[in-house]
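Sequence and predicted model, in that order:
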Amino acid sequence: MQRFIKPLLCTALPLMALLFSFLSPPVMALPVAAGNSRTLTEERARLLTGEVIVALSNLQEGVTGVEGQIYIAAPPKKVWQVITDYNNHKNFVPNVIDSGIISDNGIEKVMFEKGKSRMFIFSKEVYIKMKVWGEHLTRLCFQQITGDFKVYQGEWLLVDYPQGAGTFLTYKAEVKPDFYAPQFAVRNVQNRDCPLMMIAMKKQAELNSDKTLPPSGNG
């Protein structure tokens, strides 16, 4: 019997290996860059339809990562003016009850905001004093100096979209309150408040923007 099994195995094993080589996906099926490029294109298509994209992540030591994206039908100059209009954030950004510039040395500003944070049926006023600096019309960084957070830092990113005479705006932040709040509750608050903030920036930037926009190109 063994003299029949041995030749059979010798024949079957190569056939099985060949079969698995066809069934298994190739290691280099898609380059990483190609996959990223397609994802970015899909995200932009969603943003151009008016969608606000928000992604949350749990970082080390209880810090919550937040990223929000939105498309604004206004040029970067107008968007920049809105996100740096610290004295007036209290007038158009939801949950901000007071805001203003404390100092400005020409390179970085120090500003403050007082807000009302709601968790479930509870609400709490929070205060933050932070420095802001960046690259004009493209990137604005912020970091807490003092306030009600152990960690509060991040950046605004502006990407010009000439085809639509608009701007892709991204908000990135790392947040951890200096008071007890379960991370899932912090995520819920950010998931609710981040889109409201992004939409408020969009509405403010698009006010009368058609008077200053250059003619839109094709495509």
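Alright, I've got the coordinates. Numbering: from 1, shown residues only.

how about the closest residue to Ser209 other than its chain neighbours, secondary structure?
Leaving aside its sequence neighbours, Ser209 sits nearest to Ala74 (Cβ to Cβ, 6 or more residues apart in numbering; 3.9 Å). The way it works is simple: take the backbone N, C-alpha and C, and place the C-beta from them, glycine included. Assigned by DSSP: H, G, I helix; E, B strand; the rest coil, the conformation of Ala74 is coil.

Next one: Ala74 relative to Leu196, how far apart?
To Leu196, Ala74 is 19 Å away according to Cβ to Cβ, to the nearest Å.

Mind checking which of those two has more residues around it?
Ala74 (26 against 14; other Cβ atoms under 10 Å).

Determine the set of other helices and strands touching the longest helix that the chain contains.
In the chain, assigned by DSSP state H, the helix with the most residues is helix 183-206. Helix 183-206 sits against strand 53-58, strand 64-72, helix 76-83, helix 89-92, strand 109-119, strand 166-177, with contacts defined as 3 or more Cβ pairs under 8 Å, 6 or more residues apart in numbering; DSSP states H and E.

mean pLDDT for those: which is lowest?
Among the helices and strands packed on helix 183-206, strand 109-119 carries the lowest mean pLDDT, a mean of 89.

how far off helix 183-206 does that one point, in degrees?
Here the directions of strand 109-119 and helix 183-206 differ by 120 degrees (axes from the mean of the first three to the mean of the last three Cα atoms, to 10 degrees).

ok now strand 109-119, how far from the chain's centre?
The chain centroid and the centroid of strand 109-119 are separated by 19 Å under Cα atoms, centre = their mean, to the nearest Å.

so how many other residues sit close to Arg187?
Neighbour tally, Arg187, other Cβ under 10 Å: 17.

In contact with it, which residues?
56, 58, 64 (Cβ atoms under 8 Å, 6 or more residues apart in numbering).

repeat that for 6 Å
Residues counted as contacts of Arg187 (Cβ atoms under 6 Å, 6 or more residues apart in numbering) are 56, 64.

confidence score at it?
Model confidence at Arg187, given as pLDDT, is 92.

That one and Gly166: what is the separation?
29 Å.

shaky segments in the protein?
The chain contains residues with pLDDT under 70 at 1-40, 119-122, 210-219.

tell me the centre residue of it?
For the chain, the residue nearest the mean C-alpha position is Glu67 (2.3 Å; Cα atoms, centre = their mean).
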